[in-house]
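# give me a model of this one.
(one chain, ligands or ions: 1)
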Amino acid sequence: MHTPGHVVLNLALLGSVVGHESAVIAGAVLPDLPIVVLYLRERLRGTPPETIWSVCYQRRFWLAVIHGAHSVPLSLLGMGIAWLAHSPTLIYFFLSVLFHALCDLPLHVHDAHRHFFPISSYRFISPWSYWDARYHGRTVALLELLLVLLCSLYLYLVMAPRWTATPKLLVLALLGATNLWYAQNYHRSFLRR
Ligand SMILES: [Zn+2]
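Numbering: from 1, shown residues only. As a prediction, the model looks like this:
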């Protein structure tokens, strides 16, 4: 899944139950943060996007960091430490990290993460991809787009009224930008070709 989708989905499914929205948002973003850092760093150096994914992304160091951030045992370890530290905020942060990892698990083919890093190198090679048209990417991406739209409506209509400290207009702008990005990305990736 794309990072904004993780945020919207985790907020709607997890945040609606446990609250702690800031922790849920941070946990939804964290696993993809190394990818963002790698991408921006290489773009600033003038590396073409194809080279970033096919060469830089595949380097041992970056794969270890990215797989570590998507690791089921590491997020469970984080939850355990947070529990010992009596920190509900950190527990829900790591729960959101785990939820992100579990949502990615069925939607990656050759780019699957090592889900049990560093205990095992096992990777579930899914038949479905959220971006690759050779592996039902067109259908999966459409389903992700619709899911994000549904969750966005739920966030705006049901959850946002409870967030009294956050201006409703800001929520509307962020959700609007997210859905617009999804529509543009779908058009660019699957309809224009
Ligand atoms: Zn991810």
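
# which residue is the nearest non-sequential neighbour of S71?
Nearest non-adjacent residue to S71, counting by C-beta to C-beta, 6 or more residues apart in numbering: F117, 4.4 Å away. In short, each C-beta sits where N, CA and C put it, glycine included.

# phi, psi of the one you found?
Phi and psi for F117, reported as degrees, to the nearest 10, are phi -50, psi 140.

# one more: H113?
phi -90, psi 160.

# I figured it hits I66, correct?
Yes: in this structure, H113 is within contact of I66 by C-beta atoms under 8 Å, at 6.8 Å.

# thinking again about what came up before, my guess is the residue nearest to S71 contacts A69. True?
No: counting by C-beta under 8 Å, F117 does not reach A69; the two are 9.2 Å apart.

# can you list the weak-confidence ranges in this structure?
193 (pLDDT under 70).

# around the ion, which positions in it sit nearby?
Applying C-beta under 5 Å from the ion, we find that the chain lies next to the ion at P31, D32, D104.

# could you dump stretch 139-147 to CSV, C-alpha only?
Extracted in CSV, the C-alpha atoms of stretch 139-147 (Å, rounded to 0.1, in the frame of the first residue of the first chain):
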residue,chain,number,x,y,z
THR,A,139,-7.4,-4.0,-9.7
VAL,A,140,-5.6,-3.9,-6.4
ALA,A,141,-4.8,-0.2,-6.9
LEU,A,142,-8.4,0.6,-7.7
LEU,A,143,-9.5,-1.3,-4.6
GLU,A,144,-6.9,0.6,-2.5
LEU,A,145,-8.2,3.9,-4.0
LEU,A,146,-11.8,3.0,-3.1
LEU,A,147,-10.9,1.9,0.4
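
# any idea how far that stretch is from the chain center?
Here stretch 139-147 is found 14 Å from its chain centre; the criterion is C-alpha atoms, centre = their mean, to the nearest Å.

# give the buried residues for it.
V140, A141, E144, L145, L147 (16 or more other C-beta atoms under 10 Å).

# quick one: the helices in this protein, in order.
3-10, 16-18, 21-29, 33-44, 49-51, 60-69, 72-84, 88-104, 137-154, 168-186 (DSSP state H).

# just checking, what packs against the fourth one?
Right, helix 33-44. helix 49-51, helix 60-69 (3 or more C-beta pairs under 8 Å, 6 or more residues apart in numbering; DSSP states H and E).

# and what of the third one?
For helix 21-29, the elements it packs on are helix 3-10, helix 88-104, judged by 3+ C-beta pairs under 8 Å, 6+ apart.

# most packed of these?
Highest mean neighbour count among the helices and strands packed on helix 21-29 (mean count of other C-beta atoms under 10 Å): helix 3-10, with a mean of 23.

# how about residues contacting it?
1, 24-25, 27-29, 31-32, 36, 96, 99-100, 103, 144, 147-148, 151-152, 155, 175, 178, 181-182 (C-beta atoms under 8 Å, 6 or more residues apart in numbering).
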